[in-house]
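Peer 1: This is a predicted model, with the sequence first.
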Amino acid sequence: MIDIIKSIFFFLFDIAIFKKRVDKGKSVKWFDIIISPSIRYSIIIALILILCFSIFRILTFDYFKTQNTIHRLDEIKTAIEKYESQTGAYPRTIDQLIGSRPLRKDWGFDAWGNPIVYTILDKSFELLSAGKDGKVNTEDDIILK
């Protein structure tokens, strides 16, 4: 129903613009008939919306990857602590935690596809994601102890 009303509105809008041109003595060109003003405005609005969405996506892309990585590291930390409470020792590798569980296959990597570094310390452990640049010991590293 809304599409019909919108179509009627655009049709009347186009007629009004064509009538103004004819009243001013301007001729209506074939281009104006094929691509009416309402279609041109719709195309311009669509392009602006696509541009805005693209800019938003680019600006927030890293934020969501960072949050995803933090969440994944937190899940791994919980699993390591559970493993330690059940066995009395930390797992030697993250792969030991993953085992044959297909849902945990992505635990070995952060959201950027970099391997997660798991280090056993004296009485604790550390999980490290190299972050966006993929290099360890830089400003964008994500560390969970």
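Peer 2: Yep, it's here.
Peer 1: alpha carbons only for contacts and neighbour counts from here, please
Peer 2: Fine.
Peer 1: Contacts only, for the closest residue to T138 other than its chain neighbours.
Peer 2: Residue nearest to T138 in three dimensions, not counting chain neighbours: A130, with 7.7 Å by Cα to Cα, 6 or more residues apart in numbering. Counting by Cα atoms under 8 Å, 6 or more residues apart in numbering, A130 touches N114, P115, I116, V136, N137, T138, D140, D141, I142.
Peer 1: taking those one by one, which sit in strands?
Peer 2: Of the positions in these, I142 sit in strands, assigned by DSSP state E.
Peer 1: could you flag which of the contacts of A130 are buried?
Peer 2: By neighbour count, with 16 or more other Cα atoms under 10 Å, the contacts of A130 hold N114, P115, I116, D141, I142 as buried.
Peer 1: Next, find the distance separating the last one from D133.
Peer 2: Distance, I142 to D133, using Cα to Cα, to the nearest Å: 11 Å.
Peer 1: What of the second one?
Peer 2: Shown here: P115 relative to D133, a distance of 12 Å by Cα to Cα.
Peer 1: host element of the most centrally placed residue in the chain?
Peer 2: Centroid-nearest residue in the chain: F61, 4.7 Å away (criterion: Cα atoms, centre = their mean). Element membership of F61 [criterion: DSSP states H and E] is helix 37-87.
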